[in-house]
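Undergrad: Just need the structure, nothing else, for what follows:
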Amino acid sequence: MEIVLFSLISLTVTTLVLGFLYSINSTKLLINDRLAGYTCEPEKNALSPELNQPLKDRVLMPVFQHFNRVAGKIITGEKKQVYEKSLQAAGNPYGLNAQSFIVLKYAVLLLALLLGILLRNGWYLFLLLIIGILAPDLFLKSNENKRKAMILKSLPDVLDLLSVSVEAGLGFDSALQKVIEKSNGPLTAEFEKALQEINMGKPRREALRDMAERVNVNDVTIFLGSVIQADQLGVSIGNVLRLQSRQVRVNRMMRAEESAQKAPIKILIPLVLFIFPTLLIVLLGPAFIQLMDTL
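TA: Numbers count the residues shown, from 1 in each chain. Next up, the predicted model:
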């Protein structure tokens, strides 16, 4: 007990002494550290700047860029245009353009082929080839559908904010800037891009038409077409925005009712394939077993 007490007293005294010494010399130590930072030469790195880069920047990206250049010479312009339009509608996920997406598609197919050969099974090879062919397009279509759904969901609120801003006395461009400040999402990003093009000198009609082509959503195309027509004819944009907001909400209600009517048909497939067979086994299984025992 005495040894423990003596150790605690010694530790406490040592801590107090060290703390007192540090408090006295803390300013001097801080000054020395700052002077050392200014006077000491930086440590030279033995590796070259190329080796300091990550592996994907040193190896993978040059290979990908090489195949991208080769694909740009082989792929036809029509096919590239189709993929470019789909990628724009999907928001260009991961910064992909048409050439890089096609290169990625063939890379996935090649990887699936190699994996199927390694497994040494014909069925696995066939299944992996199907997945390699369909997976990139399904990924692109899924991103496109998600982005369109987000745009349709946010469109009525954006139109309401535009209508309120215009009726408060703001111009259409200033109302767009207010929407960009107060909301976010893919539709807001497209409005921001269109506003940047307008500020750089592009005519408003062309900027809105280009936005409609990029978004590729029917309700947005109708709304932007109405704004362009109102701008050409000199009609009040506030009235156009109010009518379009009301019509967009009606369209959303109609789509919700259509989805509700399709729900029973979609539920029928899992009912027939999974639930009904299970019920038949549970209900008729004991009777079948008794019948087998009787016979």
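
Undergrad: how many neighbours does the nearest residue to Leu127 once chain neighbours are set aside have?
TA: In space, and not counting its chain neighbours, Leu127 is closest to Gly116: 7.8 Å by C-beta to C-beta, 6 or more residues apart in numbering. All C-beta spots, glycine's among them, are computed from the backbone N, C-alpha and C. Residues lying near Gly116 (other C-beta atoms under 10 Å) number 20.

Undergrad: can you pull the pLDDT of Gly116?
TA: For Gly116, the model assigns a pLDDT of 80.

Undergrad: Please name the nearest non-neighbouring residue to the residue nearest in space to the middle of the chain.
TA: For the chain, the residue sitting closest to the mean C-alpha position, by C-alpha atoms, centre = their mean, is Pro93 at 6.0 Å. Closest residue in space to Pro93, ignoring its immediate chain neighbours: Asn143 at 5.1 Å, by C-beta to C-beta, 6+ apart.

Undergrad: Wait, the one you found touches Ala90, no?
TA: Yes - contact criterion C-beta atoms under 8 Å: Asn143 and Ala90 qualify, at 4.1 Å.

Undergrad: who's more crowded, these two?
TA: Ala90 (22 against 18).

Undergrad: Now for this protein, the helix or strand with the poorest mean pLDDT.
TA: helix 55 (a mean of 53; mean pLDDT, DSSP states H and E).

Undergrad: so where's the chain shaky on pLDDT?
TA: Scanning the chain for pLDDT under 70 picks out 1-77.

Undergrad: Swap in 50 and give it another go.
TA: Along the chain, the parts satisfying pLDDT under 50 run over 2, 4-6, 42-47.

Undergrad: Which residue ranges of the chain form helices?
TA: 2-39, 49-52, 55, 61-74, 77-89, 98-119, 122-167, 172-182, 186-199, 204-215, 218-233, 237-270, 276-294 (DSSP state H).

Undergrad: tell me the contacts of the residue nearest to Pro93?
TA: 90-91, 93 (C-beta atoms under 8 Å, 6 or more residues apart in numbering).

Undergrad: nearest to Thr188, of the residues you listed?
TA: Gly91 (12.2 Å; C-beta to C-beta).

Undergrad: show me what contacts the closest residue to that closest one other than its chain neighbours?
TA: Among residues not flanking Gly91 along the chain, Arg147 sits closest, at 5.0 Å (C-beta to C-beta, 6+ apart). Residues in contact with Arg147, defined by C-beta under 8 Å, 6+ apart, are 89-91, 186.

Undergrad: Kindly report the same for Leu128.
TA: Contacts of Leu128 by C-beta under 8 Å, 6+ apart are 112-113, 115-116, 119.

Undergrad: quick one, domains of this protein?
TA: Residue ranges for the domains of the chain, per automatic domain parsing: 56-146, 148-255.

Undergrad: Looking at those, which one is packed in the most?
TA: Comparing the domains of the chain by mean neighbour count (mean count of other C-beta atoms under 10 Å), domain 148-255 ranks first with a mean of 17.

Undergrad: So what's the gap between that one and the chain middle?
TA: Here domain 148-255 is found 22 Å from its chain centre; the criterion is C-alpha atoms, centre = their mean, to the nearest Å.
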